[in-house]
Structures are given as structure tokens and as C-alpha cells.
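Participant: sequence? don't have it. structure:
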């Protein structure tokens, strides 16, 4: 296997960024870029995370999703602990190159640390549904998935929960 | 039409946030929450944006996507200028409630200010495709869509381009 390092282009003009052929990602003031990860078969959004330059380079080189964990402040090869590796079928970048879209296949079928297939398992009623359901303006969530794929305690043990209040 | 204001729950515990029935979104230190918007029919990611509390409340109340524009620093009713309103079919929240997923129908079929249907019209080669294609480590993008749905100059005129270098 080649050991070429992935290099990014400098961001020189709006036209180059939006209509050019070179990868010139914009990392924010924390050095991070937003990532949206969907199931390559169903189109379901599995998770939303972040990459730093190292994680983006490793994802491109290896074809397996790497992120930057904000809670643990470290590079995160998704699945290294849980076994739920994400194989990247397609990696796309948006118009101003400040967001990455990964279309992945997930070994074992789970992407959520709580144990569900997707991180998005609750729905918010909108429009007329909200007007019908709310009483004092508070919103009740509707569950779209109640079946956990795995037990987080079995997989993560005493690892701190990444959810921040 | 009722004029109920949308209210959010306080974030009291990890269990409540992850496994509870109340909407308790986490806005970051800028007062924003990340939003992923997909086409309700195809599953295609159309755009990634942000909402503040007002934009999230208005989206829930009206069923039309409202965002917060970071470049213009203002509430943004998507489609108010372009006509490409997003009707929300489903609004989901993720495990730790710091990300919103909108499944939308788009009037006119375009969501990208550059003129394309989706903001994601360029692909990055990964894994063996990257190893084959790169020469000095720089990444060449592959275009997945070359057909603009509209001409940005006709729609936006002299409005400043939101892309930041």
C-alpha cells in the first residue's frame, strides 16, 4: 500500500472553492469540519460528527470513516471499540467545502452509542401535528425506533458517555 | 391558526436527553444547532445549515424550514428570496439532541446557492480510488452533477455570496 499523504488545496477564491476540481476544505476555528453520515442503501442519516485534517486524510486513504471526538479530544477510528466500522462507499463535499457527506456501509448495522441503528430515533411533530399535540407549547417526541441493536454497557463498559448537557 | 410559542425542555440528565420524550435541544456557544437537510424522496443530502432557537421554533410551528444564516447573521426563511421553499415532511433529533435532521420536499427542486439541486455535487475518491488517482497527494474531485437548476445571478442578483474563504 502506498503511503502518500493526503494534501489539501489552499482556498484562494469563491469560484475555485465552489466550481473548482480541487479539494480545499474549510476547517473552522477549532480545526474541524462538519460531517454527515448516511446509510448507503437506505439514505437514512446515521450520525453527524466532525473531522480534523488528520481524520479526513485517513478516511480518504483508508476508505474507513475516521472522526475527531470533541468529548474525548482525540482522533476516533469509528468502530475501533464497538466493532461497528463504517466502510465509505462515497465521500462528497459541499459547495463552499465546509461539510463532508459520507455514504457508508456499517459492519453490524449500528452507529449510535445509545445502541440504536441510527442516532435519529425520535421525531418532532411539525406544523398542524405540532398545533394538535402541544398543550403549553412544549414538544413531545415520537419514537421512530425502539429496538436497540446492542447493549451499550456490553460494548463500551465504563467508557464515559459522550453526551454533554 | 394558534399562536402557541414552541418551548424547549431544560437539559437535566443524560438519560432524559437520550431516552426521554421531551425536546431539549443543545444550542452551542453561538446559540446554534446543526441541521442536516435531505430530500424526503431520494434521501440525498441537500444542504447542512444551522438554526437558532427562533428558527427551530418557527420550523416546528410552520412546517417550513427556517435557518440561521451565519454569513448574514439573521433568521433565514429558506426560499424567501429564491422561491425554493422547503416543506418539512419529518423533523428528527439525534441522541444527545445537538443535531436536527429535516426530511423535506423542495418547491422548484433546488437547495444550493450555486444553482445545483444539492449542495453536494462533487465526490472525493477514497481508498484504492484515491491511491490510483493522486499523484503528489492532492485530491481531484469528480463531479456528480453538472446541470444547474437555476442561474444564481437571476435569482440572487447582487446579494453577497455566502461562501467564506
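Facilitator: Yep, it's here. The structure displayed is predicted, hence computed values, not measured ones.

Participant: Please count neighbours and contacts with C-alpha atoms only from this point.
Facilitator: OK.

Participant: And chain B, is the biggest helix by length in chain A touching that?
Facilitator: Secondary structure of chain A per DSSP state H: the longest helix is helix A:53-62. Yes - with C-alpha under 8 Å from any C-alpha of the partner chain as the threshold, helix A:53-62 lies in contact with chain B, specifically through A:59, A:60, A:61, A:62.

Participant: Out of those residues, which comes closest to residue B:5?
Facilitator: Distance to residue B:5 across the residues of helix A:53-62 next to chain B (C-alpha to C-alpha) is lowest for residue A:59, with 42.9 Å.

Participant: Domain-wise, how is chain A divided?
Facilitator: Domain assignment of chain A by automatic domain parsing yields the ranges A:1-111, A:115-147.

Participant: Which one of those lies nearest to residue B:78?
Facilitator: Taking C-alpha to C-alpha as the measure, those were each checked against residue B:78, and domain A:115-147 came out nearest at 16.0 Å.

Participant: So which bits of the closest one are buried?
Facilitator: Applying a neighbour-count criterion of 16 or more other C-alpha atoms under 10 Å in any protein chain shown, the buried positions in domain A:115-147 are A:115-127, A:130-131, A:134, A:137-141.

Participant: Point out where chain A drops to low pLDDT.
Facilitator: Counting by pLDDT under 70, the low-confidence segments of chain A come to A:1-4, A:135.

Participant: Which stretches in it count as helices?
Facilitator: Assigned by DSSP H, the helices in chain A fall at A:14-19, A:53-62, A:128-133, A:152-156.

Participant: so what does the second one touch, helix or strand wise?
Facilitator: Packed against helix A:53-62, as judged by 3 or more C-alpha pairs under 8 Å, 6 or more residues apart in numbering or on different chains; DSSP states H and E, are the following elements: strand A:66-69, strand A:74-77, helix B:128-133.

Participant: in it, what's buried?
Facilitator: Buried residues in helix A:53-62, counting neighbours by 16+ other C-alpha under 10 Å, are found at A:53, A:55, A:56, A:57, A:58, A:59, A:60, A:61, A:62.

Participant: How about the fifth one: what's its closest non-neighbour residue?
Facilitator: In this structure, residue A:58 finds its nearest non-sequential neighbour in residue A:66, 6.6 Å apart by C-alpha to C-alpha, 6 or more residues apart in numbering or on different chains.

Participant: Relative to residue A:97, how far out is residue A:8?
Facilitator: Relative to residue A:97, residue A:8 is positioned 11 Å away (C-alpha to C-alpha, to the nearest Å).

Participant: Touching both of the two, which residues are there?
Facilitator: Common neighbours of residue A:8 and residue A:97, counting by C-alpha atoms under 8 Å, 6 or more residues apart in numbering or on different chains, are A:23, A:24, A:25.

Participant: can you list those residues in TSV and add distance to residue B:31 and neighbour count?
Facilitator: Formatted as TSV, the entries for the shared contacts of residue A:8 and residue A:97 read as follows, by distance: C-alpha to C-alpha, whole Å; neighbours: other C-alpha atoms under 10 Å in any protein chain shown:
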residue	distance to residue B:31	neighbour count
A:23	30	22
A:24	28	25
A:25	24	23
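
Participant: what's the first-to-last distance across stretch A:75-92?
Facilitator: 21 Å.

Participant: What residues sit buried inside it?
Facilitator: Neighbour counts over stretch A:75-92 (16+ other C-alpha under 10 Å) mark A:76-79, A:82, A:84-92 as buried.

Participant: Equivalent analysis for stretch A:99-113, please.
Facilitator: Buried residues in stretch A:99-113, counting neighbours by 16+ other C-alpha under 10 Å, are found at A:99-106, A:109-113.

Participant: Let me have those in TSV, extended by distance to residue B:153.
Facilitator: Formatted as TSV, these follow (distance: C-alpha to C-alpha, whole Å):
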residue	distance to residue B:153
A:99	24
A:100	26
A:101	27
A:102	30
A:103	32
A:104	36
A:105	39
A:106	41
A:109	44
A:110	44
A:111	41
A:112	42
A:113	45
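
Participant: Among the residues you listed, which ones lie close to chain B?
Facilitator: A:99, A:101, A:112.

Participant: and the second one, what are its bridge partners?
Facilitator: Under DSSP bridges, the beta-bridge partners of residue A:101 are residue A:36, residue A:92.

Participant: For burial, what's the neighbour tally of the residue lying closest to residue A:120 once chain neighbours are set aside?
Facilitator: On the basis of C-alpha to C-alpha, 6+ apart, the spatially nearest residue to residue A:120 that is not a chain neighbour turns out to be residue B:94, at 4.3 Å. If you count neighbours by other C-alpha atoms under 10 Å in any protein chain shown, residue B:94 ends up with 23.

Participant: how far away is residue B:94 from residue A:89?
Facilitator: Using C-alpha to C-alpha, one gets 23 Å for the distance from residue B:94 to residue A:89.

Participant: Repeat that for residue A:104.
Facilitator: Between residue A:104 and residue A:89 the distance, using C-alpha to C-alpha, works out to 5 Å.
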